[in-house]
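Enquirer: here is my input; please provide its structure:
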Amino acid sequence: MASPALADDLALALRLADAADAQTLPRFDAADLEVSLKADRTHVTEADLAAERAIRELIAAERPGDGVFGEEFGASAPTSRRWIIDPIDGTANYLRGVPAWGTMIALEIDGAVSVGVVSMPALGRRWWAATGLGAWTDGDRRVSVSDVASLDEASLSFQSIDQWRRAGHLDELLALQERVWRDRAYGDIWSYMLLAEGRVDIVGEFDVKEYDIAAAVAIVREAGGRFTSFEGADRIDTLSALASNGLVHDAALAVLHGASA
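Expert: Below is the predicted model of the structure:
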């Protein structure tokens, strides 16, 4: 059972998402949007920076003792409570005017992701969860993963062929693709939310930082799913992710690792 304090943390996380939406949505598809390249050659927009600043300011006011780890401004000193933030997951979509992007906010307590909120305001959608409180979406509708129990009936989503190729696992992706019912590259955070709603059954990607997946971990698990690394570890710091409805997780791992054997 969740504690009242955790419910308060979830309420704050939803307010943090409101603060981020107020920065991101008005600048979405703006002709004069400011875009630059980071050191790793990925894009960052003025909205990424403004959203993370807004989130950090509210955390500092409401939870001054908590740590923060964000994509754009890095990590504060380690604490037992850490907010993990991706101000815009899907920046490439954002700057091209594609509405499949969102803000990801998670709270990690003593190393366990306990709260997650994903807001996709351009689609008019939001999802949230906290340990013991379930996973929910707009209209206070509880969400849950599918009951698909075999790979040949499963729907697979992945980030991109190039991502799996660069990770050295394209053969594994192709092997899994041959076993499932259908495959699509919905990409980024939307894939995990489709999984939580039971519309997709397996999601896998590489080169993911903690802020890319932490909020999704909370939501997928509270929706009844399973979330591990590519190797099957129950961690979010391995730069890989495999999420599923739980029923097909072991079978998917077996195919992936059988292909690389």
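Enquirer: buried stuff in the lengthiest helix in the chain?
Expert: Looking across the chain with DSSP state H, the single longest helix is helix 4-24. Going by neighbour count (16 or more other Cβ atoms under 10 Å), the buried part of helix 4-24 is 6, 9-10, 12-13, 16-21, 23-24. For glycine as for every other residue, the C-beta is placed from the backbone atoms N, C-alpha and C.
Enquirer: check stretch 137-150 too.
Expert: For stretch 137-150, by 16+ other Cβ under 10 Å, it's 137, 143, 145-146, 148.
Enquirer: any idea how far it is from the chain center?
Expert: Chain-centre distance of stretch 137-150: 16 Å, with Cα atoms, centre = their mean, to the nearest Å.
Enquirer: ok, and what's touching it?
Expert: Residues outside stretch 137-150 that contact it (Cβ atoms under 8 Å, 6 or more residues apart in numbering) are 124-128, 134-136, 154-155, 193, 195-199, 201, 219-220, 223-225, 244-248, 251.
Enquirer: one more time with 6 Å
Expert: Outside stretch 137-150, the residues that touch it by Cβ atoms under 6 Å, 6 or more residues apart in numbering are 126-127, 134-136, 154, 196-198, 201, 223-225, 245, 247.
Enquirer: quick one: end-to-end length of that stretch, please.
Expert: 27 Å (Cα to Cα, to the nearest Å).
Enquirer: buried sites along the strand or helix carrying Ala135?
Expert: Secondary-structure assignment from DSSP states H and E places Ala135 in strand 134-137. For strand 134-137, the neighbour count (16+ other Cβ under 10 Å) marks 134-137 as buried.
Enquirer: and for stretch 238-245?
Expert: Buried, per 16+ other Cβ under 10 Å, within stretch 238-245: 240-245.
Enquirer: and of the buried residues of strand 134-137, the nearest to Gln163?
Expert: Gln163 lies nearest to Ala135 out of these, by Cβ to Cβ, at 25.9 Å.
Enquirer: how near is the closest one to Thr103?
Expert: 17 Å (Cβ to Cβ, to the nearest Å).
Enquirer: quick one, strands of the stretch 151-261 of the chain?
Expert: Using DSSP state E, counting those that start in this stretch, the strands of the stretch 151-261 of the chain run over 155-158, 182-184, 202-206, 226-228, 240-244.
Enquirer: give the rounded mean pLDDT of the third one.
Expert: When pLDDT is averaged along strand 202-206, the result is 96.
Enquirer: name every strand pairing with that strand and say which way it goes.
Expert: Its sheet considered, strand 202-206 pairs with strand 155-158 (parallel), strand 240-244 (antiparallel) by DSSP bridges.
Enquirer: can you dump the C-alpha coordinates of the longest one into CSV?
Expert: What follows is the C-alpha trace of strand 240-244 in CSV, where atoms were taken according to Å, rounded to 0.1, in the frame of the first residue of the first chain:
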residue,chain,number,x,y,z
SER,A,240,19.3,-0.4,-22.6
ALA,A,241,15.6,-1.1,-22.0
LEU,A,242,13.2,-4.0,-22.6
ALA,A,243,9.7,-3.5,-21.4
SER,A,244,6.7,-5.8,-21.9
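Enquirer: now it: how far from the chain's centre is it?
Expert: 10 Å.
Enquirer: what of stretch 39-57?
Expert: Here stretch 39-57 is found 17 Å from its chain centre; the criterion is Cα atoms, centre = their mean.
Enquirer: and that stretch, what's buried?
Expert: 44-45, 47-56.
Enquirer: same thing with stretch 157-174?
Expert: Buried, per 16+ other Cβ under 10 Å, within stretch 157-174: 157-159, 163-164, 167, 169, 172-173.
Enquirer: any chance of the residues you listed in a markdown table with distance to Asp183 and pLDDT as columns?
Expert: Shown next, in a markdown table, are the buried residues of stretch 157-174 (distance: Cβ to Cβ, whole Å; pLDDT from 0 to 100):
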| residue | distance to Asp183 | pLDDT |
| --- | --- | --- |
| Ser157 | 7 | 97 |
| Phe158 | 7 | 93 |
| Gln159 | 12 | 88 |
| Gln163 | 14 | 93 |
| Trp164 | 12 | 94 |
| Ala167 | 17 | 95 |
| His169 | 15 | 95 |
| Glu172 | 13 | 96 |
| Leu173 | 9 | 96 |
